[in-house]
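Asker: Quick one, fold the following:
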Amino acid sequence: MHEAWTRAGANRPLLRSPTAARKGPGWLDDPRGPDVSESMTWIPIVTFWPVAADHTFAGGVPPGHGHRYGANVVEGWVAVDVPDGWADEDTARLHDLIEIENEIRSAEW
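Answerer: Now for the predicted structure:
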């Protein structure tokens, strides 16, 4: 069995430990994701509340950000495990299908 974890740079997972309000999230550590502002700083307890509230709206962002990974998952899946006979063309086709589905879902939001 193989596992892969995919996370967007600005994925704001809900901070669930008692110390989270003081320590801050790992996505603020270097290197930051391309969509994590360098001006974002963590002020213990103060910054926790807007980040926790933002988690509620994490699905309302474009694919590839927040919790909408989009077709980014294809490359991770292919790197971990693919069926016998899988070719680069299959990867490209799957990527395109997910992109089309994301466009349809984005239009519905």
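Asker: what's the nearest residue to Ala20 if we skip its chain neighbours?
Answerer: Excluding the flanking residues, the one nearest Ala20 by Cβ to Cβ, 6 or more residues apart in numbering is Phe48, at 6.8 Å. Yep, even glycine has a C-beta here, placed from its N, CA and C like the rest.
Asker: Look up how far Ser39 lies from that neighbour.
Answerer: To Ser39, Phe48 is 18 Å away according to Cβ to Cβ, to the nearest Å.
Asker: what about those two, which has more around it?
Answerer: For Phe48 versus Ser39, neighbours defined as other Cβ atoms under 10 Å are more numerous around Phe48 (18 against 5).
Asker: Tell me if I'm right that that one and Lys23 touch.
Answerer: No - counting by Cβ atoms under 8 Å, Phe48 stays clear of Lys23, with 9.6 Å between them.
Asker: Secondary structure element holding the residue of the chain most remote from its centre?
Answerer: Each residue of the chain has a distance to the centre, and by Cα atoms, centre = their mean the biggest one is for Gly85: 29.2 Å. For Gly85, there is no host helix or strand (DSSP states H and E).
Asker: Wait, Val80 touches Trp86, no?
Answerer: No - the pair Val80 / Trp86 is not scored as a contact, 11.9 Å apart, by Cβ under 8 Å.
Asker: on contacts alone, who are the packing partners of the lengthiest helix in the chain?
Answerer: Ordering each helix of the chain by length in residues (DSSP state H) puts helix 88-108 first. The contact analysis (3 or more Cβ pairs under 8 Å, 6 or more residues apart in numbering; DSSP states H and E) places helix 88-108 against helix 72-80.
Asker: Just give me how far the helix it packs on sits from the chain centre.
Answerer: 13 Å (Cα atoms, centre = their mean, to the nearest Å).
Asker: buried stuff in that helix?
Answerer: Buried positions in helix 72-80, judged by neighbour count with 16 or more other Cβ atoms under 10 Å: 72, 74, 78.
Asker: Show the average pLDDT along the longest helix of the chain.
Answerer: Confidence for helix 88-108, expressed as mean pLDDT, is 86.
Asker: In PDB, list the C-alpha atoms belonging to it.
Answerer: Extracted in PDB, the C-alpha atoms of helix 88-108 (Å, rounded to 0.1, in the frame of the first residue of the first chain):
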ATOM      1  CA  ASP A  88       1.700   9.800 -20.000                       C
ATOM      2  CA  GLU A  89      -1.300  10.200 -22.300                       C
ATOM      3  CA  ASP A  90      -3.500   8.700 -19.600                       C
ATOM      4  CA  THR A  91      -2.200  11.100 -17.100                       C
ATOM      5  CA  ALA A  92      -2.800  14.100 -19.400                       C
ATOM      6  CA  ARG A  93      -6.400  12.800 -20.100                       C
ATOM      7  CA  LEU A  94      -7.200  12.400 -16.400                       C
ATOM      8  CA  HIS A  95      -5.800  15.800 -15.700                       C
ATOM      9  CA  ASP A  96      -8.000  17.400 -18.400                       C
ATOM     10  CA  LEU A  97     -11.100  15.600 -17.100                       C
ATOM     11  CA  ILE A  98     -10.600  16.800 -13.600                       C
ATOM     12  CA  GLU A  99     -10.000  20.400 -14.900                       C
ATOM     13  CA  ILE A 100     -13.300  20.200 -16.900                       C
ATOM     14  CA  GLU A 101     -15.100  18.900 -13.800                       C
ATOM     15  CA  ASN A 102     -13.600  21.800 -11.800                       C
ATOM     16  CA  GLU A 103     -14.800  24.300 -14.300                       C
ATOM     17  CA  ILE A 104     -18.300  22.900 -14.100                       C
ATOM     18  CA  ARG A 105     -18.400  23.000 -10.300                       C
ATOM     19  CA  SER A 106     -16.900  26.500 -10.200                       C
ATOM     20  CA  ALA A 107     -19.700  27.700 -12.400                       C
ATOM     21  CA  GLU A 108     -22.200  26.200 -10.100                       C
END
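Asker: Many thanks, I have nothing further to ask.
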